[in-house]
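Chemist: my questions are about this predicted structure, shown below with the sequence.
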Amino acid sequence: MMQEFKFPIDFTFNIGTFSNDFSAVDANQRTVAYVKQKLFKFKEDVSIFENESQTKVLYKIKADKWIDFSAGYSFSSAEGEELGKIGRKGWVSLWKAHYEIYDKHEQLKFTVREENAWVKVLDGLVGQIPILNLFTGLFLNPAYNVMNNRDEIVVRLSKEKSLVGRRFKLSEIKKLDGLDDDIIILGLMMMVLLERRKG
């Protein structure tokens, strides 16, 4: 299990390494997880460690199949117990990010939707313009709502202003059931890796 934490949680990417990795730090400035994605893999392979020392693995995330727009990503404990998965909703996600989070019984628990698709479109367009593309992180910052099966927003993930798009903030909107904390956070950790790669 992840360490006890207090919202909001900041995801801060490390731009000084060759891997795609970031720290998750809570409101008390405690590192609750360190996420590292193995690069140059045909399938996604992500490890979630207890902290930056990378000595203790808490969770693993692996793609269910070869990378494509409808791939699923399963999370499991360090011992191999499956905990749930996140799936991207195919072609819908090309326009507006749309993911679904399932529990270990493959029951749909949460839906993740991008708040404003135009932010992604503008980010993609401006990102092609030399010089200007260096500053998109200062004014084009998407946000994502995690909704339960009653269409209530429970968590919001927002990209923070940054020159290199390296910071995201995870805020609790509605009090979560302790059993759901981990699958939501694990799902969003994988989603951030996927969405950040797209721009």
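Modeler: Yes, it's here. Please read these numbers as outputs of a predicted model, since none were measured by experiment. Numbering: from 1, shown residues only.
Chemist: what's the separation between residue 82 and residue 191?
Modeler: In this view, residue 82 and residue 191 are 18 Å apart by Cβ to Cβ, to the nearest Å. Every C-beta, even on glycine, is put in place using the N, C-alpha and C of the backbone.
Chemist: more crowded one of those two?
Modeler: Taking neighbours as other Cβ atoms under 10 Å, residue 82 and residue 191 compare with residue 191 leading, 22 against 13.
Chemist: that one: which element?
Modeler: For residue 191, the host element (DSSP states H and E) is helix 178-198.
Chemist: what's the average pLDDT for that helix?
Modeler: Averaged over helix 178-198, pLDDT sits at 86.
Chemist: quick one: distance of that helix to the chain centre.
Modeler: Offset of helix 178-198 from its chain centre (Cα atoms, centre = their mean, to the nearest Å): 3 Å.
Chemist: oh, and call the first residue 44 from now on, that's how I've got it
Modeler: With the count now opening at 44, the last piece we talked about shows up as helix 221-241.
Chemist: C-alpha coordinates for that helix, CSV please?
Modeler: C-alpha atoms of helix 221-241 as CSV (Å, rounded to 0.1, in the frame of the first residue of the first chain):
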residue,chain,number,x,y,z
GLY,A,221,-10.0,4.3,1.4
LEU,A,222,-10.3,1.2,-0.8
ASP,A,223,-10.6,3.4,-4.0
ASP,A,224,-7.7,5.7,-3.3
ASP,A,225,-5.0,3.5,-4.7
ILE,A,226,-6.8,2.5,-7.9
ILE,A,227,-7.6,6.1,-8.7
ILE,A,228,-4.0,7.3,-8.0
LEU,A,229,-2.5,4.4,-9.9
GLY,A,230,-4.8,5.0,-12.9
LEU,A,231,-4.0,8.7,-13.0
MET,A,232,-0.2,8.0,-12.7
MET,A,233,-0.5,5.9,-15.9
MET,A,234,-2.7,8.4,-17.6
VAL,A,235,-0.3,11.2,-16.9
LEU,A,236,2.5,9.3,-18.6
LEU,A,237,0.3,8.7,-21.6
GLU,A,238,-1.1,12.2,-21.9
ARG,A,239,2.2,13.9,-21.3
ARG,A,240,3.8,11.9,-24.1
LYS,A,241,1.1,13.2,-26.4
